[in-house]
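> turn this into a model:
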Amino acid sequence: MVPEPATAAVDLRPLATADAPACARLEKLLFAYDNPWPAWAFAQELRDRNNHYVAAEIDGELVGYAGIALLGASRDPENEVHTIGVAPEHQGKGIGRLLIADLLAVADVHGGPVFLDVRTDNAAAQGLYRSVGFEIIGLRKRYYQPSGADAFVMKREGGGHA
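Residues are numbered from 1 along each chain as shown. Okay, the predicted model is just below:
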């Protein structure tokens, strides 16, 4: 299935501390059964200089967010996608693809592989991740709490520094 194009221009910008409450509201919608992050968790993530977070906006409204941690020493770097979410009414329009592309561009400059966890029952997200080079490398039983849902561990080899 080819995603529908976004109906309005999507602007990407760095996620700001002021966005934390809006991110927390989206988290409650998207991850209600899997311990959604509160606003303070987003604010804390934004303070870590090894993290990169991006916001997607349409007409000034936050409709998506994503974040990645840039880990490891320069001789042995790796990256871990911490979160990605798109408002339900804007899913399937390519916004998730824009967000993951932003994260991967930053990871490629940092170097090393990129890891992420995704629910085993989230076929749409898995399809997106596969389309940008991720492969399933493992399974985490009952990873998401409190729902108890399993997660696939996915990996994408580094596209920047080898």
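> residues touching the closest residue to residue 67 other than its chain neighbours, list them.
Nearest non-adjacent residue to residue 67, counting by Cβ to Cβ, 6 or more residues apart in numbering: residue 53, 4.0 Å away. Glycine gets a C-beta too; all of them are placed from N, C-alpha and C. Applying Cβ atoms under 8 Å, 6 or more residues apart in numbering, we find residue 53 in contact with 14-15, 42, 45-46, 65-68.
> again, but for residue 80
68-69, 71, 114-116 are the contacts of residue 80 under Cβ under 8 Å, 6+ apart.
> which residue ranges form the helices in the protein?
In the chain, the helices defined using DSSP state H lie at 20-30, 39-47, 95-110, 123-131.
> Serialize those to CSV and add fields for mean pLDDT, distance to residue 82 and mean neighbour count.
Shown next, in CSV, are the helices of the chain (pLDDT from 0 to 100; distance: least, Cβ to Cβ, whole Å; neighbours: other Cβ atoms under 10 Å):
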stretch, mean pLDDT, distance to residue 82, mean neighbour count
helix 20-30, 95, 12, 18
helix 39-47, 97, 7, 16
helix 95-110, 96, 9, 20
helix 123-131, 94, 14, 15
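> out of those helices, which is closest to residue 150?
helix 123-131 (12.4 Å; Cβ to Cβ).
> if we can go back for a sec, can you put the helices of the chain in CSV and add distance to residue 78?
As requested, the helices of the chain are exported to CSV (distance: least, Cβ to Cβ, whole Å):
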stretch, distance to residue 78
helix 20-30, 24
helix 39-47, 18
helix 95-110, 9
helix 123-131, 16
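> sorry, back to before: of the contacts of residue 80, just the buried ones, ChimeraX syntax please.
Listed next is the ChimeraX selection for buried residues among these, using 16 or more other Cβ atoms under 10 Å:
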select :68,69,114,115,116
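> and the contacts of residue 80, which is closest to residue 31?
residue 116 (14.4 Å).
> so that closest one makes contact with residue 81?
Yes. Between residue 116 and residue 81 a contact is recorded at 3.8 Å, counting by Cβ atoms under 8 Å.
> skipping adjacent residues, who's closest to the spatially most central residue of the chain in space?
Nearest to the mean C-alpha position of the chain, by Cα atoms, centre = their mean, lies residue 84 at 2.6 Å. Leaving aside its chain neighbours, residue 84 sits nearest to residue 66 (4.1 Å; criterion: Cβ to Cβ, 6+ apart).
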